[in-house]
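# Please work out how this folds:
(one chain, ligands or ions: 2)
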Amino acid sequence: MTSDQHSGGDVRAVQAGDDGRVTIFDTTLRDGEQSPGCSMNQEEKLSVARVLDEMGVDVIEAGFPASSVGDFEAVREIARTCRTARVAGLARARPSDIDRAWEAVQHANRPRIHTFLSTSPLHMQYKLRMEPEQVYENAVEAVTHARKLCDNVEFSPEDGTRTDRDFLCRVVEAAVKAGATTINIPDTVGYTVPAEFFELIQDLRNRVPNMDRATISVHCHNDLGLAVANSLAAVRAGARQVECTINGIGERAGNAALEEIVMALQTRRDVLPFHTGVDSHYITRASRLVSGITGFTVQPNKAIVGKNAFAHESGIHQDGMLKNAQTYEIMTPESVGLTRSTLVMGKHSGKHAFKSKLQELGFELDDKELNDAFKRFKDLADHKKEVFDEDLIALVDDAVLRHNDRIRFVSLGIHCGSDQPQTAELTLEVDGERTSTSVTGNGPVDATFNAVQAIWPHDAALELYQVHAVTEGTDAQAEVTVRLNEGGMTVNGQGADYDTLVASARAYVNALNKLLVKREKAATPEQQAAAASSVA
Ligand SMILES: CC(=O)SCCNC(=O)CCNC(=O)[C@H](O)C(C)(C)COP(=O)(O)OP(=O)(O)OC[C@H]1O[C@@H](n2cnc3c(N)ncnc32)[C@H](O)[C@@H]1OP(=O)(O)O
Ligand SMILES: CC(C)C(=O)C(=O)O
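Ligands and ions are numbered 1, 2, ... in the order given. Sure, this is the predicted structure:
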């Protein structure tokens, strides 16, 4: 078997100087943020961008600047902050969107405008209500306009995998001629399969005469669970940029997961002779940060970053691991930033050990955050025999990532049991002002949520209430997820505490804070100005 047969693909160089380096384009802050229920404020987006920049992601798609004032400002701040990563802003194929994207990214060390327009028959006819020739002209105009502003322009023919092949080749050729430096082929609805996508990318390379003047990129959705497989097939066919997100979050079933792409390329270089610039040791930290901010818990069996990804429970596996870890591990936990714990944390631990433990777990906190988290840790350690790593992660996510919230949990007292009525005595701080109330309900959770409603009236409907124990035992911390829906806007809130009801109140309050962010993003500039003077 030749090495080419072995890799099952076309691994010849795609351009002069091609050494198999794959550009990692992270869209956690744009497509990831489009996940239903996920909304990040500016500071949260910045903290994710900082980690992505540090870990060596090549391009950060920071948002869609024309979509709201809040997103515009977040993209602008990220552009000003990132040191090495290129910062991209997404724009529809309209001059006003493109101008807005440029306004947001222009101060980046390395800016990019990413403009897109659907090319599939379905999208053109029903969504855009445009004829193919109008779409062709519009795509050329958009890229031409973007190139007048920025020398690095990406063009995406949206729904590319369901586009007529001849038309796709024509549009791509014209976009490259107009100055697009990257051509991104999106599998917008996660429809393609690996062999088909391989053939599509190869076909573009063979048929589009000027294809070698632009980098081919792919953007795969996970509707059939094939996003990573499709992306890797495309790389073998000559794509040199992969668009992906941390933990695979994104529209519907999500996008290709960054950690899976990076680790597949790193672990299987023998059959996938490509490499990225990402330092894989940052993966766990980035995953936990995104999960904490979005409230999207990572499923335990998720590849690379799931809680069980490096856990071995059955005897034969444990025996093999003790004899040689490679028997059941194809990569080391250390390579993705998981450290084997050396410090045991308990109520006698001091702040130095606490800080060092958090660093081991991938958290870098400022002094205020550290003090807040330490206070919560001491309180937890007083109520729990052993404080595990999972407890600390839940606690830090809860204590630290919320410090800019406008509505804050202060205290909760509950009267519950078989005596009626169940009553919640709740104190919240709203924009710095404390309010207390005492409210009844059908059970302690209902009473707690009624109390939140009494202090901060709102119309959002509760869609999900979920409790899970962070570790085993009756003294385990509870991690609660609450999903609210207000006029079609969904948000997920999370809260953790050794008291399930306090965790519930924290989760509800967290969801309300996210709703405030989402409302702000959805508002027009005039509505935003009016809202600035009143929270509710
Ligand atoms: C596949 C993807 O992920 S694409 C990115 C999706 N991301 C988002 O939508 C970000 C959040 N979106 C928003 O904030 C809003 O949709 C906005 C601000 C972008 C636009 O809001 P509105 O002006 O109210 O338009 P609305 O969203 O209802 O409809 C979209 C309009 O854009 C048009 N459109 C859609 N895609 C494109 C495109 N790539 N280029 C040009 N026009 C487009 C649609 O045809 C429709 O036009 P119409 O109003 O003439 O019918
Ligand atoms: C804007 C494009 C790249 C996109 O998100 C998609 O097609 O899924």
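# Just give the number of residues close to the residue nearest to residue 475 when sequence neighbours are not counted.
Distances taken as Cβ to Cβ, 6 or more residues apart in numbering place residue 384 nearest to residue 475, at 4.8 Å, with adjacent residues excluded. Where C-beta positions appear, they are placed from N, C-alpha and C, glycine not excepted. Counted with other Cβ atoms under 10 Å, residues neighbouring residue 384 total 18.
# repeat for residue 134
12.
# any idea how far residue 101 is from it?
Using Cβ to Cβ, to the nearest Å, one obtains 22 Å as the distance from residue 134 to residue 101.
# domains of the chain?
Under the assignment automatic domain parsing, the domains of the chain span 25-294, 315-400, 407-531.
# The spatially closest residue to residue 351 that is not a sequence neighbour: how many residues sit nearby?
Distance criterion Cβ to Cβ, 6+ apart; nearest residue to residue 351, sequence neighbours excluded, is residue 374 at 5.5 Å. Look at residue 374: counted by other Cβ under 10 Å, it has 19 neighbours.
# ok, the residue nearest to residue 28 when sequence neighbours are not counted - contacts?
Leaving aside its chain neighbours, residue 28 sits nearest to residue 245 (4.3 Å; criterion: Cβ to Cβ, 6+ apart). Residue 245 makes contact with 26, 27, 28, 31, 32, 254, 255, 256, 257, 258, according to Cβ atoms under 8 Å, 6 or more residues apart in numbering.
# can you count the residues close to the last one?
By other Cβ under 10 Å, the residues close to residue 258 number 33.
# do the third one as well
Other residues near residue 28 number 33, with proximity taken as other Cβ under 10 Å.
# so who does it touch?
Residue 28 neighbours (Cβ under 8 Å, 6+ apart): 48, 52, 245, 246, 249, 258, 290.
# Can you say which two of those residues are spatially most distant?
52 and 249 (13.5 Å; Cβ to Cβ).
# doesn't residue 468 make contact with residue 503?
No - applying Cβ atoms under 8 Å as the test, residue 503 and residue 468 come out as separate, 10.0 Å apart.
# more neighbours, the two?
Using other Cβ under 10 Å as the criterion, residue 503 and residue 468 rank with residue 503 on top: 25 against 12.
# give me the element that one is part of.
helix 500-522 (DSSP states H and E).
# State the mean pLDDT of that helix.
Averaged over helix 500-522, pLDDT sits at 87.
# tell me which parts of the stretch 201-350 of the chain are close to ligand 2?
219, 221 (Cβ under 6 Å from any ligand atom).
# pretty sure the residue nearest to residue 475 contacts residue 391?
Yes - using Cβ under 8 Å, residue 384 makes contact with residue 391 at a distance of 7.1 Å.
# any shared contact partners between the two?
residue 477.
# Any idea how many residues pack against residue 108?
25.
# returning to that earlier point: okay, and the common contacts of residue 503 and residue 468?
With Cβ under 8 Å, 6+ apart as the test, residue 503 and residue 468 both reach 478, 479.
# In the chain, where is pLDDT below threshold?
Along the chain, segments meeting pLDDT under 70 span 1-15, 340-343, 398-403, 522-536.
# of all the residues in it, which ones are close to ligand 2?
Where the chain comes near ligand 2, counting by Cβ under 6 Å from any ligand atom, the residues are 31, 116, 156, 158, 184, 186, 188, 219, 221.
# show me what contacts the nearest residue to the fourth one once chain neighbours are set aside?
Read that as residue 158. Spatial nearest neighbour of residue 158, excluding adjacent residues (Cβ to Cβ, 6+ apart): residue 118 at 4.1 Å. Taking Cβ under 8 Å, 6+ apart, we find residue 118 in contact with 124, 127, 128, 135, 157, 158, 159.
# Let's have those residues in TSV, adding neighbour count and secondary structure.
Shown next, in TSV, are the contacts of residue 118 (neighbours: other Cβ atoms under 10 Å; DSSP: H, G, I helix; E, B strand; the rest coil):
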residue	neighbour count	secondary structure
124	22	helix
127	12	helix
128	17	helix
135	22	helix
157	25	strand
158	23	strand
159	22	coil
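# Which single one of these is nearest to ligand 2?
Taking Cβ to the nearest ligand atom as the measure, ligand 2 lies nearest residue 158 of the contacts of residue 118, at 4.4 Å.
# I figured the closest one was touching residue 116, is that so?
Yes - contact criterion Cβ under 8 Å: residue 158 and residue 116 qualify, at 5.0 Å.
# Can you give me the distance of residue 488 to ligand 2?
Computed as Cβ to the nearest ligand atom, to the nearest Å, the residue 488 to ligand 2 distance reads 20 Å.
# when you give positions from now on, start the count at 7
All set: I'll call the first residue 7, so the last point we hit is now residue 494.
# Against residue 172, how distant is that residue?
As for residue 494, its distance to residue 172 is 39 Å (criterion: Cβ to Cβ).
# What of residue 365?
56 Å.
# Of the two, which one has the most company?
Neighbours of residue 365 and residue 172, each counted by other Cβ under 10 Å, are more numerous for residue 365; the result is 12 against 9.
# Now do the SS call for the more buried one.
helix (DSSP: H, G, I helix; E, B strand; the rest coil).
# wait, doesn't residue 302 sit right on residue 45?
No - Residue 302 is beyond contact range of residue 45, at 11.4 Å (criterion: Cβ under 8 Å).
# what about these two, which has more around it?
residue 45 (27 against 20).
# Report the secondary structure state of the more buried one.
Classified using three-state DSSP, residue 45 is coil.
# Show me the helices in the stretch 207-356 of the chain, by range?
Assigned by DSSP state H, counting those that start in this stretch, the stretch 207-356 of the chain shows helices spanning 233-243, 264-273, 289-300, 321-329.
# Show residues contacting the first one.
In this structure, residues lying in contact with helix 233-243 by Cβ under 8 Å, 6+ apart are 13-17, 28, 191, 193, 196, 198-201, 203-208, 211, 222, 224, 226-228, 245, 248, 250, 254, 260-263, 266-267, 270-271, 278, 280.
# Any of these buried? List them.
Among those, those classed as buried by 16 or more other Cβ atoms under 10 Å are 13, 15, 17, 28, 191, 193, 196, 198, 200, 203-204, 206-208, 211, 222, 224, 226-228, 245, 248, 250, 254, 260-263, 266-267, 270-271, 278, 280.
# Show me the contact partners of stretch 139-156.
97, 99-101, 104-105, 108, 111-112, 117-119, 121, 123-125, 130, 134, 136, 159, 161, 163, 173, 176-177, 180-181, 183-186.
# Just those residues: which are in strands?
97, 117, 118, 119, 121, 123, 124, 159, 161, 163 (DSSP state E).
# ok, the nearest residue to the last one once chain neighbours are set aside to residue 194 distance?
In space, and not counting its chain neighbours, residue 163 is closest to residue 125: 3.9 Å by Cβ to Cβ, 6+ apart. Between residue 125 and residue 194 the distance is 10 Å, computed by Cβ to Cβ.
# Now list whatever residues contact both of these two.
Counting by Cβ under 8 Å, 6+ apart, the shared contacts of residue 125 and residue 194 are 164, 165, 166.
# Looking at those, which is nearest residue 410?
When those are compared against residue 410 (criterion: Cβ to Cβ), the nearest one is residue 164, at 34.3 Å.
# dump the residue contacts of the closest one.
122, 123, 124, 125, 126, 129, 192, 194.
# Run a quick neighbour tally on whatever residue of the stretch 407-542 of the chain ends up closest to ligand 2.
Scanning the stretch 407-542 of the chain for proximity to ligand 2 using Cβ to the nearest ligand atom identifies residue 527 as nearest, at 17.7 Å. For residue 527, the tally of surrounding residues (other Cβ under 10 Å) stands at 21.
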